[in-house]
Structures are given as structure tokens and as C-alpha cells.
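> let's see this in three dimensions:
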Amino acid sequence: MQIVFMNRLSKNASSDQELFAQLWIGEEEGVWSLGWKDFSIAEETVDNIWYEGGSWSEMLCVYRHELAVKMGEGYRPLIEGIFHEEDSLPNRNTEHLKLQFYSEQHGNEKIYEELCAWRRGRSSSERKAPYILASNRLLRLLSTFLPYTPEELLQLPGVGQGKAAQYGTDWLAITSAAPREHQFPLSWVHNEIDDESFVSWLYKQKELKYKKQLERLRMRRLLLQGIECGLDMEQLKEECGVSRRDLLEAVEELEKDGYSVEKLIVQELGRMPQNEQEEVWNAYVELGDVFLKPVLYKVYGNEFTAPGGLDLYYERLRLIRIRFRREYTDVSAIAANY
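Residues are numbered from 1 along each chain as shown. Model prediction:
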């Protein structure tokens with residue numbers, strides 16, 4: 001095996017002890033290997049293999065995730081920039097991240113729960129997903145820094161004029177009722193943060209980010225293998241361990257990225273009458289393919305209901321839309337060449 005990359009890392013275990021480790025990437029006949037060797041133990045060192053396989057992109061994803069875990073534990077590399085991506089952050093983003101870090105350490109749980117209760121109620125009344133109204137991160141910021149005025153509210157990252165106008169009065173009614181010991185602006189936060197703890201937290205955020213990327217990459221591989229083997233949606237759901245909705249979104253992404261999912265579409269639409277499929281297609285031609293509800297009403301009527309719910313009907317609309325977009329993209333590409 002040929003070693004194509006290697007780096008040495010160290011970690012201060014105590015005031016008088018430093019731990020060392022080695023990270024390496026190797027390649028042999030198209031097979032990538034990724035490993036970690038810990039030199040901190042007394043017995044003979046053994047490579048801990050993180051990845052072995054033929055996919056460079058999957059190996060790189062595993063590399064970034066596992067490295068972020070180690071750096072979150074306190075290891076630091078001899079050679080910087082080892083994530084093979086842009087590590088530097090604009091100063092403004094760094095300040096925002098410090099506010100987020102501080103809010104996770106010093107949040108007011110009582111106010112946070114009140115804000116969460118507000119979000120649940122507003123989400124139900126507006127029929128919107130909770131995260132559209134406000135993310136957990138934003139509620140943490142609100143509960144920690146407790147703005148009293150609209151001007152203070154706008155100093156928090158994630159609060160723009162639109163959000164402030166829409167929900168600011170509700171938020172301030174909750175946050176301004178709580179006593180606070182600090183003031184705005186929040187420039188004082190910088191001096192309250194331990195730099196090493198903040199850096200470790202940043203690597204924890206990278207770990208979570210790369211974990212999601214890795215899960216997505218592995219699901220795509222399982223999905224492609226399953227489609228090729230003739231699995232249907234329910235079997236793919238069990239194989240990938242995700243909901244049918246998430247599965248369908250992944251299928252749409254695969255099609256967008258140039259992979260063929262026609263085998264799955266044929267199987268899933270096999271139980272849908274051909275004339276019904278044609279009506280859906282014609283509705284897309286007439287109404288466009290951006291929104292599904294108008295197409296559903298066009299084909300089945302405004303008062304349409306189904307005993308088991310509408311999920312299956314929306315699934316079929318989305319599968320037919322994949323075909324529709326594929327054909328019209330191909331037609332547009334041909335027309336562009338003339």
C-alpha cells in the first residue's frame with residue numbers, strides 16, 4: 001500500500017503529559033484506506049482502520065467526520081488545514097458563532113421553554129413547521145441574551161427585519177419579563193469565552209455536519225443498490241432506515257444528479273391506472289410543476305379525500321414529476337442546440 005497523506009497530532013492530557021497520534025490515508029489498486037494510530041498506550045501500537053473501500057468521496061467524508069471527533073477531544077495537527085476545505089471564517093461569522101457557543105453554555109431554561117411553547121402554539125395556528133418560525137439556535141440566543149427592545153432584538157444573529165416585524169412583539173413579551181445582568185451590545189461576550197473550549201466546540205459542530213454528510217452519502221449508496229435490485233419504496237425505507245418522505249427527496253436528488261431512478265418509478269406506478277397518470281401529466285403541462293396541490297385538485301377535484309390519507313397520491317405526483325422534468329429538460333437541451 002502506498003501512503004498518500006500522513007499527519008501527526010498531539011493532545012495535552014495533563015500538565016506534564018502529551019499524547020501523540022498519527023493519521024494516514026493509503027491507496028492500493030483503487031482501494032482507499034484511512035487509519036489512525038495512537039502512540040499514547042504502552043503496548044505495541046495498532047492501526048485503527050476508519051475506512052476501507054473504493055469510494056474517494058465516502059473516504060473523505062469519513063476522514064472529516066472522524067478527524068472532527070478527535071479534534072473535538074483536544075487533538076491538534078502538526079500540519080494545519082487538514083480538513084481539505086476552507087477553514088477560515090469571516091470575523092462576523094466568528095462573532096456570531098461565539099454568541100451561539102455562549103448561549104449553549106448559559107441559556108435560561110425557563111425562558112427557553114416558554115419560547116418553545118410559543119413556537120408550538122404559533123406553528124399549530126399558522127400550520128407551519130416549527131423550524132420555519134424559529135430554530136432551536138435562535139430560541140437559545142433569545143433565552144440567553146434576553147433582548148428588551150426591538151433594537152436589541154435585531155443585534156442577534158438570525159433576526160432580520162422580517163422576522164422581527166412578524167414575531168418580535170411576541171418574543172419581547174417573553175424575554176423582557178425576565179431579569180438580566182448584562183447589557184447590549186454584546187461585545188463583552190468575547191472576553192467571557194475560553195478560547196480552547198470554543199475551538200473544541202467548533203470541531204463538535206464540524207463533527208455533526210460531517211456526520212450528516214456521511215449518512216446522506218451512505219443512504220444514496222444503499223438507495224442506488226436497492227433500486228438496481230428492484231426494491232420498492234417500502235423495502236427501500238426499511239433498508240435505508242428513513243421515512244418515505246425523506247426517501248422520496250433522496251430519489252429526487254439522485255435524478256437531479258444524473259442517476260437513473262426509472263426502475264423504481266416503473267415499479268411504484270405499476271398500480272396506478274395509465275389514464276390517471278396521463279391526467280397528472282397533462283395537469284403539469286397546464287399548471288407547471290412547482291406546486292403539487294393544484295395538480296392534485298386538477299386531477300381529483302377540490303373536495304378529494306382518501307381513507308388512508310393523501311400521502312400515496314402525493315408520492316405518485318412526485319414520481320410522475322420526476323419523469324416530467326426529465327423529459328422537458330431533455331427537450332429544452334435539444335432546442336438550445338438549434
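
> where does the prediction get shaky in the protein?
Scanning the chain with the threshold set as pLDDT under 70 gives 15, 40-45, 81-92, 330-338.

> and the next helix or strand past the longest helix along the chain?
For the chain, the longest helix by residue count, based on DSSP state H, is helix 195-228. Under the assignment DSSP states H and E, the closest C-terminal helix or strand after helix 195-228 is helix 233-240.

> and that next one, what other elements does it pack with?
Counting by 3 or more Cβ pairs under 8 Å, 6 or more residues apart in numbering; DSSP states H and E, the packing neighbours recorded for helix 233-240 are helix 195-228, helix 244-256, helix 262-268. In short, each C-beta sits where N, CA and C put it, glycine included.

> ok so, going back, enumerate the positions of the longest helix of the chain that are buried.
Buried residues in helix 195-228, defined by neighbour count with 16 or more other Cβ atoms under 10 Å: 198, 201-204, 206-207, 210-211, 213-214, 219-220, 222-223, 226-227.

> in TSV, list the helices and strands packed on helix 233-240 along with distance to residue 25.
Shown next, in TSV, are those (distance: least, Cβ to Cβ, whole Å):
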stretch	distance to residue 25
helix 195-228	16
helix 244-256	28
helix 262-268	35
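
> quick one, which of those helices is nearest to residue 132?
helix 244-256 (16.2 Å; Cβ to Cβ).

> distance between that closest one and the chain's centre?
15 Å (Cα atoms, centre = their mean, to the nearest Å).

> now for the longest helix of the chain, which elements pack on it?
On a contact count with 3+ Cβ pairs under 8 Å, 6+ apart, helix 195-228 meets helix 56-72, helix 91-105, helix 233-240, helix 244-256, helix 262-268.

> hey, C-alpha coordinates of the fourth one in CSV?
If I follow you right, that is helix 244-256. Taking Å, rounded to 0.1, in the frame of the first residue of the first chain, the C-alpha atoms of helix 244-256 are listed here in CSV:
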residue,chain,number,x,y,z
ARG,A,244,-40.8,7.6,2.9
ARG,A,245,-40.8,11.4,2.6
ASP,A,246,-37.0,11.6,3.2
LEU,A,247,-36.6,8.6,0.8
LEU,A,248,-38.5,10.4,-1.9
GLU,A,249,-36.5,13.5,-1.5
ALA,A,250,-33.3,11.4,-1.9
VAL,A,251,-34.7,9.8,-5.0
GLU,A,252,-35.4,13.3,-6.5
GLU,A,253,-31.8,14.3,-5.7
LEU,A,254,-30.4,11.2,-7.4
GLU,A,255,-32.4,12.0,-10.5
LYS,A,256,-31.2,15.6,-10.4
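
> now that helix: buried residues?
In helix 244-256, counting by 16+ other Cβ under 10 Å, buried: 247, 248, 250, 251, 252, 254, 255.

> of the residues you listed, closest to residue 31?
Set against residue 31, the nearest of these by Cβ to Cβ is residue 254 (24.9 Å).

> now do the contacts for the closest residue to the closest one other than its chain neighbours.
Nearest residue to residue 254 in three dimensions, chain neighbours excluded: residue 261, at 5.5 Å (Cβ to Cβ, 6 or more residues apart in numbering). Contacts here follow Cβ atoms under 8 Å, 6 or more residues apart in numbering; on that basis residue 261 touches 227, 251, 254, 255, 322.

> reformat the residues you listed as TSV; add distance to residue 266.
Formatted as TSV, the contacts of residue 261 follow (distance: Cβ to Cβ, whole Å):
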residue	distance to residue 266
227	11
251	13
254	15
255	14
322	12
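
> what is the nearest of those residues to residue 125?
residue 251 (33.0 Å).

> correct me, but that closest one touches residue 223?
Yes - taking contacts as Cβ atoms under 8 Å, residue 251 lies within contact range of residue 223: 7.0 Å.

> tell me the angle the longest helix of the chain makes with helix 244-256.
Going by axes from the mean of the first three to the mean of the last three Cα atoms, to 10 degrees, helix 195-228 is angled at 80 degrees with respect to helix 244-256.
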